[in-house]
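> fold the stuff below for me.
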Amino acid sequence: QAQLVESGGGLVQAGGSLKLSCVVSGLTFTNYATGWFRQAPGKEREFVAAINWGGGNTYYANSVKGRFTISRDNAKNTVYLQMNSLKPDDTAVYYCAADEYYSDFFPSRKQNVEYWGQGTQVTVSS
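Alright, predicted model coming up:
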């Protein structure tokens, strides 16, 4: 049974940085693309970033492009999200996700992703 466990969330001032981690178990990590979504209070969950199984391809939402960086360490079954220049609008619960197909993270696929974590709260104060 697949399990995705996020960590690294917290409270940070605007302009600050946080690095989220997600440890994946119960599946062959190198067979899966991974990514991050977020859901702010009162809003729908939205795509943030994705990375293919080998790490050579990445895809970002326009709202985070240039500020966030997704990466993965296949030896540690872990995917990361480095978040810089944080804004109050980045406040949300951040969810890690995994799917066999990198394309399933694209907005056109409407979040049709197979496995999800429980989420970690990120709060950015102004």
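
> contacts, neighbours, all on C-alpha from now
OK.

> doesn't residue 103 belong to a strand?
No: checked against DSSP: H, G, I helix; E, B strand; the rest coil, residue 103 lies outside a strand; its state is helix.

> so what's the residue nearest the centre of the chain bridging to?
Centroid check for the chain by Cα atoms, centre = their mean gives residue 36 as the closest residue, at 1.9 Å. Beta-bridge partners for residue 36, by DSSP bridges, are residue 49, residue 96.

> you'd agree it is up against residue 49?
Yes: between residue 36 and residue 49 there is a contact at 5.3 Å, judged by Cα atoms under 8 Å.

> for residue 43, the count of nearby residues, please.
Per other Cα atoms under 10 Å, the neighbour tally for residue 43 reads 9.

> repeat for residue 49
Neighbourhood size, residue 49 [other Cα under 10 Å]: 25.

> find me the pLDDT at it, would you?
Here, the pLDDT recorded for residue 49 equals 97.

> check residue 108 too.
Model confidence at residue 108, given as pLDDT, is 83.
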